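> Predicted model and sequence follow; I will ask about them next.
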Amino acid sequence: MKKVQEHHLREPIIPDLLMSPSDQGDGDLEMEYPAERGNWTGKLDFLLSCIGYCVGLGNVWRFPYRAYTNGGGAFLVPYFIMLAICGIPIFFMELSLGQFSSLGPLAVWKISPLFKGVGMGTILIVSLVAIYYNMIIAYVLFYLFASLTSNLPWEHCGNWWNTDLCLDHQVVKAGNAAIPFNITNTVSPSEEYWNRYVLHIQGSSGIGDPGRIRWNLCLCLLLSWVIVYLCILKGVKSSGKVVYITATFPYFILIMLLIRGVTLEGAWIGIKFYLTPQFDHLLSSKVWIEAALQIFYSLGVGFGGLLTFASYNTFHQNIYRDTFIVTLGNAITSILAGFAIFSVLGYMSQELGIPVNQVAKAGPGLAFVVYPQAMTMLPLSPLWSFLFFFMLLTLGLDSQFAFMETIVTAVTDEFPYYLRPKKAFFSAIICIAMYLMGLILTTEGGMYWLVLLDDYSAGFGLLVVVITTCLVVTRVYGMKRFCRDIHMMLGFQPGLYFKACWMFLSPAMMTALLVYNIVKYQPSEYGSYHFPYWAEVLGILMGLFSCLMIPAGMVVAVLREEGTLWERIQQASRPAMDWGPSLEENRTGMYVATLAGSQSPKPLMVHMRKYGGITSYENTAIEVDREIEEEEESMI
């Protein structure tokens with residue numbers, strides 16, 4: 001007892017005013033603070049997670065097709081212009097919001113509580129996307145297991161699922177040597193394997209008749225959800241390590257497929273078709289819109305994943321550098337994937353004796369019909385098929401990690417006291433619920449539901465969410481204040497390029513995209529099947545519901561305030577009292593002593609006591625404080 005008393009006598013006494021909440025010990029205040037949110041455990045975790053999130057299935061099956069149909073090599077001109085106008089600035093904005101506040105897509109709207117509905121709309125969109133995206137991963141797992149054989153099951157006709165229309169490519173090749181074949185009314189073995197065996201789509205008459213559950217697909221979907229859950233079990237601490245494999249391994253396989261592709265006979269036909277510039281296409285507005293859409297969806301802006309990942313960064317992480325690494329890396333990956341895909345399609349074109357444009361398809365048609373068929377023409381076809389689908393698996397998984405982490409983080413940040421200590425259990429509940437909702441996709445008519453979700457869940461609703469975010473940050477919160485926040489984090493303010501894009505160019509371009517999507521609206525279809533009217537209405541309502549979250553959130557925010565209607569709107573649009581950096585030592589200027597439980601008159605003093613000096617970032621903080629004081633004096 002005496003030793004304990006002596007030990008306490010030797011401890012320096014810290015005045016209460018200089019104590020931060022973390023210094024207060026295990027007293028009565030302990031329960032007043034939520035559990036720690038956590039951070040990335042390594043320096044590369046964040047960067048690789050962002051790369052894995054952005055580089056996904058769309059880079060392989062959407063970009064090459066969009067390039068060749070919109071002017072080939074000439075498409076790269078609008079692509080990189082749109083990357084500069086829309087992609088890079090919005091990407092940097094999302095990272096800045098997340099890192100500055102250390103909050104998820106819902107809680108970050110403390111920046112302006114009037115617009116919290118934007119965060120609710122984001123979560124709704126991401127939830128719908130996560131349900132069907134994991135079904136695509138289940139298809140990939142199905143093909144991955146099917147490739148573990150000496151002969152690929154979609155190589156020949158003659159199986160129970162084949163019809164009289166089925167025609168082997170070997171027969172086509174033999175026919176070209178003698179009597180020309182009419183292949184217009186025939187179907188490849190890979191297409192019948194996909195439609196009649198994997199999907200068993202003949203068991204459904206349409207979207208209103210889902211048919212029976214395909215138990216093999218059901219088990220693959222279960223496995224995909226188990227994999228996703230195990231990888232996000234401990235939040236970014238576990239998913240941040242898995243991405244070291246899932247974000248890097250696709251590049252090794254892509255390079256292998258590229259080398260194999262360009263060495264094939266006829267590869268140059270496909271590459272030439274892919275890249276031959278047709279500059280007359282640049283006069284069409286459609287090409288510019290297609291480029292903007294590709295950038296928009298490829299980088300994953302608006303889905304909340306970037307904001308969530310950045311929220312686990314340290315306060316001074318150099319996200320300015322990371323923005324350019326990820327966005328340019330994503331663009332280069334898309335171009336490389338185009339070479340890998342079209343070199344094989346060129347070989348396939350020569351083998352079948354038909355033009356490349358009759359071989360090339362976009363979306364699932366490329367991944368599950370055309371490319372698998374091309375694999376059957378190569379020596380060691382099961383090996384190349386396995387590598388291709390393993391690449392798709394790793395590309396899909398890290399994007400799915402981001403979707404799930406976004407949902408879990410958003411909700412746990414709203415209820416930190418209850419959910420953060422039980423994050424693993426809460427993640428399990430979310431995964432189970434989404435698996436059950438996704439069972440409709442494992443039925444014989446499941447592909448119709450997947451197409452409907454793909455067309456509408458992240459369509460015009462996502463554009464509305466991103467446009468609103470951009471306008472709120474620059475107009476309501478204020479460009480000057482937002483740039484000052486970035487200055488606090490990075491030590492410098494964004495340049496004229498970012499300010500011009502945030503204020504004018506990016507919102508204008510995204511509004512043009514939104515108008516184009518509405519004017520050029522086309523009903524959904526899958527092959528020759530056209531969706532019924534009620535399904536179209538359901539899809540439109542799906543997109544509208546995420547938009548309606550914004551006015552609904554406004555109503556709730558206004559009702560919580562007091563005074564006249566205009567006073568309530570003004571109060572709700574201002575940042576919440578505890579808006580700002582999550583750690584007290586990072587709060588300077590207008591953010592001093594606004595954190596709940598804050599004790600320190602100047603967080604800078606806490607830094608000096610803890611670390612014994614002033615760093616370059618604290619010098620920045622002093623400069624920002626001085627600027628604010630000068631502004632206040634000039635206003636007086």
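Noted; the coordinates are in hand.

> From now on I want contacts and neighbour counts done on CA atoms only, so please keep to that.
Fine.

> Contact partners for E414?
Residues near E414 by C-alpha atoms under 8 Å, 6 or more residues apart in numbering: 106-107.

> And it, its phi and psi?
Torsion angles at E414 (phi, psi; degrees, to the nearest 10) stand at phi -80, psi -30.

> and it, how far is that from G491?
For E414, the distance to G491 equals 30 Å [C-alpha to C-alpha, to the nearest Å].

> repeat for G87
Taking C-alpha to C-alpha, one finds G87 at 23 Å from G491.

> between those two, who's got more neighbours?
In terms of neighbours (other C-alpha atoms under 10 Å), G87 is the more surrounded of G87 and G491; the figures are 27 against 19.

> just checking, the more buried one touches Q294?
No - G87 is not in contact with Q294 according to C-alpha atoms under 8 Å; the separation is 9.8 Å.

> quick one, strands of the chain?
525-526, 529-530 (DSSP state E).

> I'd like those strands written out as TSV, with mean pLDDT added.
Converted to TSV, the strands of the chain look like this (pLDDT from 0 to 100):
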stretch	mean pLDDT
strand 525-526	88
strand 529-530	90
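
> quick one: which of those strands is nearest M404?
Closest to M404 of these is strand 525-526 (C-alpha to C-alpha; 27.8 Å).

> Excluding residues flanking it in the chain, which one is nearest G206?
G445 (6.3 Å; C-alpha to C-alpha, 6 or more residues apart in numbering).

> Compute the number of surrounding residues for the one you found.
G445: 26 neighbours (other C-alpha under 10 Å).

> so who does it touch?
Here G445 is in contact with 199, 201, 203-207, 209-211 (C-alpha under 8 Å, 6+ apart).

> Which of the residues you listed ranks first by neighbour count?
L199 (23 neighbours).

> By mean pLDDT, which helix or strand of this structure comes out lowest?
helix 603-611 (a mean of 42; mean pLDDT, DSSP states H and E).

> could I get the strands of the chain as CSV with mean neighbour count?
Formatted as CSV, the strands of the chain follow (neighbours: other C-alpha atoms under 10 Å):
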stretch, mean neighbour count
strand 525-526, 12
strand 529-530, 14
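
> Low-confidence regions, this protein specifically.
Low-confidence segments of the chain (pLDDT under 70): 1-35, 169-184, 593-636.

> at 80 instead, please
1-38, 43, 169-185, 357, 360-363, 589-590, 592-636 (pLDDT under 80).

> Can you give me the buried ones in stretch 459-475?
459-467, 469-474 (16 or more other C-alpha atoms under 10 Å).

> Y274: which of these is nearest?
G459 (27.0 Å).

> The residue nearest to that closest one when sequence neighbours are not counted: what's it in contact with?
In space, and not counting its chain neighbours, G459 is closest to G543: 6.6 Å by C-alpha to C-alpha, 6+ apart. G543 sits next to 456-461 when contact means C-alpha under 8 Å, 6+ apart.

> Filter these down to just the ones in helices.
456, 460-461 (DSSP state H).

> would you turn those residues into CSV with distance to D280?
Listed next are the ones in helices among the contacts of G543 as CSV, based on distance: C-alpha to C-alpha, whole Å:
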residue, distance to D280
Y456, 31
F460, 29
G461, 32
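
> Among the residues you listed, which one lies nearest to S190?
Among the ones in helices among the contacts of G543, and counting by C-alpha to C-alpha, the member closest to S190 is Y456, at 28.1 Å.

> how near is that closest one to G539?
As judged by C-alpha to C-alpha, Y456 and G539 stand 5 Å apart.

> Same question for M93.
30 Å.

> Likewise for N318?
Using C-alpha to C-alpha, N318 is found at 40 Å from G539.

> Of those two, which one has the most company?
G539 (22 against 14).

> which residues does the more buried one contact?
Listed by C-alpha under 8 Å, 6+ apart, the contact set of G539 reads 452-453, 455-457.

> Reformat the contacts of G543 as a markdown table; add distance to S582.
Shown next, in a markdown table, are the contacts of G543 (distance: C-alpha to C-alpha, whole Å):
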| residue | distance to S582 |
| --- | --- |
| Y456 | 36 |
| S457 | 33 |
| A458 | 31 |
| G459 | 33 |
| F460 | 33 |
| G461 | 30 |
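
> And those residues, which is closest to G56?
A458 (15.6 Å).

> Need phi/psi at the closest one.
phi -120, psi 50.
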